[in-house]
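> how would this look folded up:
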Amino acid sequence: MLALAAIALLLATSPATPAAAPLQVETTVSATQVRLGEALTLSITARGDDLSSLTVVDPVPDEPTLKDLPTTWSVRKITERPSKKDDEVFDTKTFRYELIAFAAGETTVPQARLSLGGVGATTQPLLSAPLAVMVESLLPSNSDPAQLPIKEVADPEAIPLPKALWAGLLFAGLLVLVALVAWLVYHFKRRVIAYVRPPAKPDQIALEELARVEGDHLVEKHLIKEHYSRVSDAVRAYLGAVFGIDAMEQTSTELLGTLAETPEASVVYAEIEGLIAEADLVKFAQLVPESGRCKRALETGRRIVLESRFLLQPPPEVSGPAATPPPDGRARQATGQVRR
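As a prediction, this is how the structure comes out:
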């Protein structure tokens, strides 16, 4: 019994081992009353035996109930002070944040979540205190709303367009309508004329083209080669229509050979031969005739058409056994072309 009493007395007089201090969180703000847009500082201090495994989730402002509204606070981390011993007993660490309020009235600052995680054990997370802060409006607190320079927003009103603008739009619309009708009439008239008007005869087409050549004054513009080319092409197209040959695709030698074998072409063969030869010299031999000679070439083209246009007339009708076929078996078509 004496031994047991001695042991108990020894245990009672030995120094007690201090218990591990739990995690403690202290929250402070630099001001409890601010104005809209004014910044304040939130300080969160953690205190415990060992903060080496301390984890902190930064404060996050609550989401607004309406999507169109901004958050109440903006949060920006400023500093994180390293851990230090407080009176050589507790370990402390401080976190500082800058908060800016965006909604007037009494509200609470966002909270941070702190927790200690050790080997084999984890403490329950703690939240920083939700301190209340009064956020004042930028308007004076004792101002009379009726005297404030604020006007009510009026309902939207329809602004009538000026009458002059309506008149201008109406006039522009009428002009567009008239232009459209004129365009339709013009094109419709051209189509009707194309269907009703009989096709132009070869001699008419050739004379009109020669008149256009003369009206373009190519000689005066020193466009001699173009002048002879257009005169020659007009005569060639006319001869092809009259004698039923492909005069535009034949060479000058081939064309003159074909016309030499056609008796009807003898009335203008000499003029044709001279005009084609002179045109070839201008186009291929770089001959530059004088202006008088160029104009005579144009008159030669007219004379070829005028002196041979009678070949386009249909032959007189001959009935009875006395009718004889044309010489060499050649017969003119009803259109006036000679078919070989």
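> Return the distance of stretch 162-175 from the chain's centre.
The chain centroid and the centroid of stretch 162-175 are separated by 30 Å under Cα atoms, centre = their mean, to the nearest Å.
> I should have written stretch 285-303 there, sorry.
Stretch 285-303 has its C-alpha centroid displaced from the chain centroid by 56 Å (Cα atoms, centre = their mean).
> Check the gap between the residue nearest the centre of the chain and Leu169 for me.
Most central in the chain under Cα atoms, centre = their mean is Val176, positioned 26.8 Å from the mean C-alpha point. For Val176, the distance to Leu169 equals 11 Å [Cβ to Cβ, to the nearest Å]. All C-beta atoms are positioned from the backbone trio N, CA, C, and that covers glycine.
> got it, and Ala260?
Ala260 is 72 Å from Leu169, by Cβ to Cβ.
> what about the strands in this structure?
Remark: strands assigned in the chain by DSSP state E are 24-29, 33-35, 39-48, 54-57, 73-86, 90-101, 105-108, 113-116, 126-127, 132-136, 331-332, 338-339.
> can you put those in CSV and add distance to Val242, mean neighbour count and mean pLDDT?
CSV is the format used below for the strands of the chain (distance: least, Cβ to Cβ, whole Å; neighbours: other Cβ atoms under 10 Å; pLDDT from 0 to 100):
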stretch, distance to Val242, mean neighbour count, mean pLDDT
strand 24-29, 113, 16, 89
strand 33-35, 105, 14, 88
strand 39-48, 104, 19, 88
strand 54-57, 105, 15, 85
strand 73-86, 98, 13, 79
strand 90-101, 100, 19, 88
strand 105-108, 106, 13, 86
strand 113-116, 108, 19, 84
strand 126-127, 112, 16, 86
strand 132-136, 106, 16, 89
strand 331-332, 10, 14, 38
strand 338-339, 7, 15, 39
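> Can you say which of these is nearest to Leu306?
Proximity to Leu306, assessed across those by Cβ to Cβ, is greatest for strand 338-339 (17.7 Å).
> same question for stretch 183-199, mean pLDDT?
Across stretch 183-199, the average pLDDT comes to 74.
> Actually, stretch 248-266.
Mean pLDDT, stretch 248-266: 90.
> Show me which residues of that stretch are buried.
Within stretch 248-266, the residues scored as buried using 16 or more other Cβ atoms under 10 Å are 250, 252, 255-256, 258-259, 262, 264-265.
> next one: stretch 285-296
In stretch 285-296, counting by 16+ other Cβ under 10 Å, buried: 289, 294.
> contact partners of that stretch?
Outside stretch 285-296, the residues that touch it by Cβ atoms under 8 Å, 6 or more residues apart in numbering are 219-220, 224, 227-228, 278, 281-282, 297.
> For PyMOL, write the select line for the buried members of these.
This is the PyMOL syntax for the buried subset of the contacts of stretch 285-296, where burial follows 16+ other Cβ under 10 Å:
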select buried, resi 219+224+227+228+278+282+297
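> Mind putting the contacts of stretch 285-296 into JSON lines with distance to Trp183?
Output for those, formatted as JSON lines (distance: Cβ to Cβ, whole Å):
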{"residue": "Val219", "distance to Trp183": "38"}
{"residue": "Glu220", "distance to Trp183": "36"}
{"residue": "Ile224", "distance to Trp183": "40"}
{"residue": "His227", "distance to Trp183": "36"}
{"residue": "Tyr228", "distance to Trp183": "39"}
{"residue": "Glu278", "distance to Trp183": "46"}
{"residue": "Leu281", "distance to Trp183": "48"}
{"residue": "Val282", "distance to Trp183": "43"}
{"residue": "Ala297", "distance to Trp183": "41"}
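> Tell me the one of the contacts of stretch 285-296 nearest Glu38?
Closest approach between the contacts of stretch 285-296 and Glu38, by Cβ to Cβ: Glu220, at 90.2 Å.
> which residues touch that closest one?
Counting by Cβ under 8 Å, 6+ apart, Glu220 has contacts Ser291.
> Quick one: residues contacting Leu54.
23, 46, 48, 83, 93, 114-116.
> Would you quantify the distance from it to Leu116?
Taking Cβ to Cβ, one finds Leu54 at 6 Å from Leu116.
> Touching both of these two, which residues are there?
Here Leu54 and Leu116 share the contacting residues 23, 48, scored by Cβ under 8 Å, 6+ apart.
> Can you read off the pLDDT for Gly117?
Note on Gly117: pLDDT of 73.
> count of residues packed around the spatially closest residue to it that is not a sequence neighbour?
Once flanking residues are discounted, Gly117 sits nearest to Ser53: 4.7 Å by Cβ to Cβ, 6 or more residues apart in numbering. By other Cβ atoms under 10 Å, 13 other residues sit near Ser53.
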